[in-house]
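1. Fold the stuff below for me.
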Amino acid sequence: MDDLEPTLLIIPILGVLAPLAARGLGRWVRVPIVVFELVLGILVGPSVLGWAQPDAFIDVLSEFGLAMLFFVAGSEIEFAAFRGRTGRRASLGWLLSLLLGVGLAWIFVPGEEAVIIGIALCSTALGTILPILRDAGELKTPFGKAIGAIGAMGEFGPLIAISVFLGGRAPGASTVVLLLFVLLAGVAIWLALHVPRGAMHRFVNSTLHTSGQFAIRVVLVILAALIAISVVLDLDILLGAFAAGIVWRLLMRDAAESDRSAVESKVEALAFGFLVPVFFIYTGVTFDLDALIEQPILLLLLPVVLVVLFLVRGLPSMLAAPEGSTRRDRLSVALLGATALPIIVAVTAIGLDEGILSSAAAALLVGAGMLSVLLFPLVAMSIRGERRVGSAVPVEDDAA
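-> Coordinates of the predicted model:
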């Protein structure tokens with residue numbers, strides 16, 4: 001408890017300082033809060049000040065935070081993004097990214113380590129990008145829809161790859177188990193689509209401002225149930241959390257806009273006010289900065305890995321750029337598509353737990369992911385420029 005008590009106090013303090021720092025710096029440059037959470041975690045962790053220490057209890061809270069992050073990502077998925085030209089090209093771009101990432105890593109480290117690195121390199125931080133697009137008024141434009149499709153594939157695709165290739169089974173057996181999970185998740189989605197929602201929505205509405213908080217309790221039940229199925233099937237819990245977000249979105253799709261917004265605000269408060277910051281700050285606390293400092297060559301490799309991330313994930317993302325896009329727009333698409341961090345953190349954590357990935361390699365990948373979140377969106381939106389009302393390319397018929 002001597003180590004646990006100060007850490008339990010320090011993490012909430014850092015959770016308050018991170019948005020204050022982001023807001024203060026936002027006068028000059030927009031930096032995602034997650035960057036401050038990671039940096040502050042590193043600063044107070046064993047590698048620098050040593051005020052906070054790894055602990056089993058906080059590690060469990062961190063896992064809940066990661067699960068909530070992917071639950072929210074699943075609840076934000078726009079299924080229309082997977083249809084038509086944009087969806088097909090976003091899917092093709094992600095497959096190319098996976099092949100490029102694994103193939104490039106295999107040249108240097110053949111085996112499971114190459115698979116982990118390849119999966120990390122083909123991810124996109126949709127949860128980081130969406131608020132930036134929303135603030136820029138780009139969510140509903142063809143550009144924003146393309147980025148949404150790229151980001152959806154950049155989060156959903158790696159989760160499937162993790163389940164197939166990093167589940168401790170042969171890929172064939174993993175695929176069968178994954179199909180079983182899809183079947184069970186499909187049953188949950190079917191129930192969400194067909195269960196009578198009128199009475200449930202009325203009950204949700206009646207408990208929004210009472211101690212009942214029925215909506216949040218249902219969220220936790222859905223999340224726990226699909227995570228439990230993932231655990232039983234020996235799949236990564238992130239897949240269950242992501243599927244739970246999809247189920248919840250479908251369950252609430254017919255609710256009144258005011259009720260849905262109220263529930264979403266409560267879920268986001270639980271996620272981004274408590275659990276998700278714990279995950280990112282604790283990731284900073286456990287970040288092996290010493291591995292980078294003790295090997296200066298790794299610090300020199302950070303910009304190299306950042307460039308590789310752009311080449312592996314960014315360039316294939318350009319396939320999904322809207323028709324008629326300028327070179328500036330395509331470059332912006334590439335930079336946003338290559339913005340990655342949460343999946344990198346999750347995949348490297350799996351690699352470390354399984355003894356497949358070294359702490360130095362994990363630190364290098366996470367460090368590059370942090371740089372991508374810090375630099376790529378800023379450069380992309382600067383290149384994109386302010387959107388002129390009425391200047392966007394008309395949305396093409398996605399049924400084509």
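
2. elements contacting the helix or strand bottoming out on mean pLDDT in the chain?
-> The least trusted helix or strand in the chain, going by mean pLDDT, DSSP states H and E, turns out to be helix 198-206, with a mean of 73. Judged by 3 or more C-beta pairs under 8 Å, 6 or more residues apart in numbering; DSSP states H and E, helix 198-206 is in contact with helix 214-232, helix 257-270. Bear in mind the C-beta positions are built from the backbone N, C-alpha and C, glycine included.

3. got the CA coordinates for the last one in CSV?
-> So that's helix 257-270. Only the C-alpha atoms of helix 257-270 are listed here, as CSV (Å, rounded to 0.1, in the frame of the first residue of the first chain):
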residue,chain,number,x,y,z
GLU,A,257,-32.2,12.8,-29.8
SER,A,258,-32.2,14.6,-26.4
ASP,A,259,-32.2,11.2,-24.5
ARG,A,260,-29.5,9.7,-26.7
SER,A,261,-27.3,12.8,-26.2
ALA,A,262,-27.8,12.7,-22.5
VAL,A,263,-26.9,9.0,-22.3
GLU,A,264,-23.8,9.6,-24.6
SER,A,265,-22.6,12.4,-22.3
LYS,A,266,-22.9,10.1,-19.3
VAL,A,267,-21.0,7.3,-21.0
GLU,A,268,-18.3,9.8,-22.2
ALA,A,269,-18.0,11.2,-18.7
LEU,A,270,-17.4,7.7,-17.3
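
4. what comes up buried for that helix?
-> By neighbour count on 16 or more other C-beta atoms under 10 Å, the buried set for helix 257-270 is Asp259, Arg260, Ala262, Val263, Glu264, Lys266, Val267, Leu270.

5. how far away is the third one from Arg202?
-> Looking back up the chat, that one is Ala262. In this view, Ala262 and Arg202 are 14 Å apart by C-beta to C-beta, to the nearest Å.

6. ok, now the first one?
-> In this structure, Asp259 and Arg202 are separated by 9 Å, where distance is defined by C-beta to C-beta.

7. Repeat that for the fourth one.
-> Counting by C-beta to C-beta, the separation of Val263 from Arg202 is 13 Å.

8. on that earlier part again, figure out which of the helices and strands packed on helix 198-206 is closest to Ile150.
-> Proximity to Ile150 (C-beta to C-beta) singles out helix 257-270 among the helices and strands packed on helix 198-206, at 22.8 Å.

9. mean confidence for that closest one?
-> On average, the pLDDT along helix 257-270 is 84.

10. I would like the residues contacting the least confident helix or strand of the chain, please.
-> Helix 198-206 is contacted by residues Gly212, Phe214, Ala215, Val218, Leu251, Met252, Asp254, Ala255, Ala256, Asp259, Val263 when judged by C-beta atoms under 8 Å, 6 or more residues apart in numbering.

11. Just the buried ones among the residues you listed, please.
-> Buried members of the contacts of helix 198-206, scored by 16+ other C-beta under 10 Å, are Phe214, Ala215, Val218, Leu251, Met252, Ala255, Asp259, Val263.

12. As JSON lines, the residues you listed with distance to Gly15 would be great.
-> Compiled in JSON lines, the buried ones among the contacts of helix 198-206 are given as follows (distance: C-beta to C-beta, whole Å):
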{"residue": "Phe214", "distance to Gly15": "27"}
{"residue": "Ala215", "distance to Gly15": "24"}
{"residue": "Val218", "distance to Gly15": "26"}
{"residue": "Leu251", "distance to Gly15": "30"}
{"residue": "Met252", "distance to Gly15": "27"}
{"residue": "Ala255", "distance to Gly15": "30"}
{"residue": "Asp259", "distance to Gly15": "28"}
{"residue": "Val263", "distance to Gly15": "23"}
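
13. Point out where this structure drops to low pLDDT.
-> 1-5, 78-82, 166-174, 195-199, 386-400 (pLDDT under 70).

14. Using JSON lines, lay out the helices and strands packed on helix 198-206 together with distance to Val305.
-> Shown next, in JSON lines, are these (distance: least, C-beta to C-beta, whole Å):
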{"stretch": "helix 214-232", "distance to Val305": "30"}
{"stretch": "helix 257-270", "distance to Val305": "32"}
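
15. Please name whichever of those helices is nearest to Ile58.
-> Among the helices and strands packed on helix 198-206, helix 257-270 sits nearest to Ile58 (C-beta to C-beta), with 17.3 Å.

16. Not counting that closest one itself, show me its contacts.
-> Looking at what lies outside helix 257-270 - C-beta under 8 Å, 6+ apart - the contacts are 68, 71-72, 75, 201, 204-205, 208, 213, 215-216, 219, 252, 255.

17. Equivalent analysis for stretch 289-308, please.
-> For stretch 289-308, using C-beta under 8 Å, 6+ apart, the contacting residues are 42, 45, 47-48, 104, 121, 358-360, 363-365, 367-368, 371-372, 375.

18. Among those, the buried ones, what's the PyMOL command?
-> To isolate the buried ones among the contacts of stretch 289-308 in PyMOL, judged by 16+ other C-beta under 10 Å, type:
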select buried, resi 42+45+47+104+121+359+360+363+364+365+367+368+371+372+375
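
19. tell me which element Gln53 is part of?
-> Secondary structure assignment for Gln53, by DSSP states H and E: no helix or strand.

20. residues touching it, list them.
-> Gln53 sits next to Asp3, Thr7, Gly45, Pro46, Val285 when contact means C-beta under 8 Å, 6+ apart.

21. Helix 257-270 and the least confident helix or strand of the chain, what's the angle between them?
-> Counting by axes from the mean of the first three to the mean of the last three C-alpha atoms, to 10 degrees, helix 198-206 lies at 60 degrees to helix 257-270.

22. Would you mind listing the buried residues in helix 198-206?
-> Using 16+ other C-beta under 10 Å as the test for burial, helix 198-206 gives Met200, His201, Val204, Asn205.

23. Out of those, flag the one nearest to Val177.
-> Nearest to Val177, judged by C-beta to C-beta, of the buried residues of helix 198-206 is Met200 at 31.6 Å.

24. give me the number of residues near Leu14?
-> 26 (other C-beta atoms under 10 Å).

25. No further questions, thank you.
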